[in-house]
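Q: Here's my sequence, what's the structure:
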Amino acid sequence: MKNATLRQLKVFEAVARLNSFSRAAEELHLTQPAVSTQVRKLQEHAGLPLFEQLGKKIHLTPAGAQMLQCSRGIIEKFEETEEAMAQFKGVSGGRLKVSVISAGDYFFPSLLVEFAQRHPGVTLDFGVCNREELLGQLDANLTDLAVMVRPPEDLDTVAEPFAPHPYVVVAAPGHPLARSRRIPVARIAREPFVVREQGSDTWNSMREGFGAALPGLNIAMEIRSTETIKQAVAAGMGVSFLSAHTISRELQSGSLAVLDVQGFPLMLNWYVVHRRTKRLPPVAQAFKAFLLKDGTRLINRTLGLRPAARKSASRPK
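A: Residues are numbered from 1 along each chain as shown. You can find the predicted model right below:
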């Protein structure tokens, strides 16, 4: 094992955590063949198979399970060393490691650019992933900060809201309900819904928004891509429940319309989250303060939105 590299250990840890070579490649911004090559080299160093394939799924071998435990310990020690050295670099010389759920992809790069302009010399390590992957990164100490809508309840974290996050029901502009007012939930429930997959943050928000009415929704299709959902709705395939922060361009161009459904918009929050015991480097502390102070204003500016009015919407019973 003396010739194994930290890169190989990190790639192996990602594959084992996500239980998928393709998803690990997406998270690490590598090609799938590159991921396979790194894992193969690590297996050669170990002299033992680390994964076995049963059907279409991969599983850790006993040697792989032990390798995963050791790999995480080594990676954590390197992270601790990096954090300790970052204390001497301060903000401008630090590396910011932050991840955000997919809905944040529509505005978060602009926030990072603004922060980097205020702190020249900062190195950005930025990832966009779904909720499950984001929680995995927090749990494995692979990111300093996570930005999400619904902080985890089973991890010991610090979560602070920094901006409102409205969710709305949308349809094509020519939909028969597009000009209706105060649409009852029982009426909208009959429309075919094109929705995000169960387990996603959008699905969990929809479950909160519709409450007891959720089982009565006419779910016509589940799609993992918000962009594909928007195109399907614009084409007239149904209505959808989406983050208002993901549809600003479509509203401006007139390709989507927000329906006036009783009890909506659902007003939630964006949270910046980190492990409670995490020793945040100065650059992460500065970015967290930046979000808390200027996050709402910069999101509204980026998306061309007016400041969101805070209101307590009654949930359908």
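Q: Surely Phe21 touches Val35?
A: Yes - with contact defined as C-beta atoms under 8 Å, Phe21 counts as touching Val35 (5.3 Å). Backbone N, C-alpha and C define where each C-beta goes, glycine included.
Q: These two: who's more crowded?
A: Set Phe21 next to Val35 and count neighbours by other C-beta atoms under 10 Å: Val35 wins out with 23 against 17.
Q: hang on, the earlier thing: can you check which residues contact both of Phe21 and Val35?
A: Val15 (C-beta atoms under 8 Å, 6 or more residues apart in numbering).
Q: Okay, now the sheet partners of the lengthiest strand in the chain, with direction.
A: As assigned by DSSP state E, the longest strand anywhere in the chain is strand 157-171. Using DSSP bridges, strand 157-171 pairs in its sheet with strand 240-243 (antiparallel), strand 257-258 (antiparallel), strand 266-275 (antiparallel).
Q: Reformat these into TSV and put distance to Gln198, mean pLDDT and mean neighbour count next to each item.
A: Putting the strands paired with strand 157-171 into TSV (distance: least, C-beta to C-beta, whole Å; pLDDT from 0 to 100; neighbours: other C-beta atoms under 10 Å) gives the following:
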stretch	distance to Gln198	mean pLDDT	mean neighbour count
strand 240-243	13	97	26
strand 257-258	24	97	20
strand 266-275	17	96	20
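Q: okay, those in TSV with distance to Ser99 next?
A: Below are these laid out as TSV (distance: least, C-beta to C-beta, whole Å):
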stretch	distance to Ser99
strand 240-243	17
strand 257-258	29
strand 266-275	10
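Q: Toward the C-terminus, what is the element adjacent to the longest strand of the chain?
A: Counting by DSSP states H and E, the next helix or strand C-terminal to strand 157-171 is helix 185-188.
Q: Export that following helix to CSV, keeping only CA atoms.
A: These are the backbone C-alpha positions of helix 185-188, laid out as CSV (Å, rounded to 0.1, in the frame of the first residue of the first chain):
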residue,chain,number,x,y,z
VAL,A,185,-56.1,22.6,-3.6
ALA,A,186,-58.8,20.0,-4.4
ARG,A,187,-59.1,21.5,-7.9
ILE,A,188,-55.4,21.7,-8.7
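Q: Show me what that helix is in contact with.
A: Val169, Leu177, Phe210, Ala213, Gly216, Val239, Leu259, Val261, Gln262, Gly263, Pro316.
Q: Any regions of the stretch 51-200 of the chain where pLDDT drops low?
A: 83, 86-90 (pLDDT under 70).
Q: buried residues in the helix or strand hosting Pro33?
A: Take DSSP H and E as the rule and Pro33 turns out to sit in helix 32-46. Residues of helix 32-46 classed as buried by neighbour count (16 or more other C-beta atoms under 10 Å): Val35, Ser36, Gln38, Val39, Lys41, Leu42, Gln43, Ala46.
Q: any idea which helix or strand comes after that helix?
A: strand 51-54.
Q: Using CSV, write down the CA coordinates of that following strand.
A: C-alpha atoms of strand 51-54 as CSV (Å, rounded to 0.1, in the frame of the first residue of the first chain):
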residue,chain,number,x,y,z
PHE,A,51,-15.7,-4.3,-4.8
GLU,A,52,-17.8,-7.1,-6.1
GLN,A,53,-20.8,-6.8,-8.4
LEU,A,54,-24.1,-8.7,-7.8
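Q: on contacts alone, who are the packing partners of it?
A: Helices and strands touching strand 51-54, as assessed by 3 or more C-beta pairs under 8 Å, 6 or more residues apart in numbering; DSSP states H and E, comprise strand 57-60.
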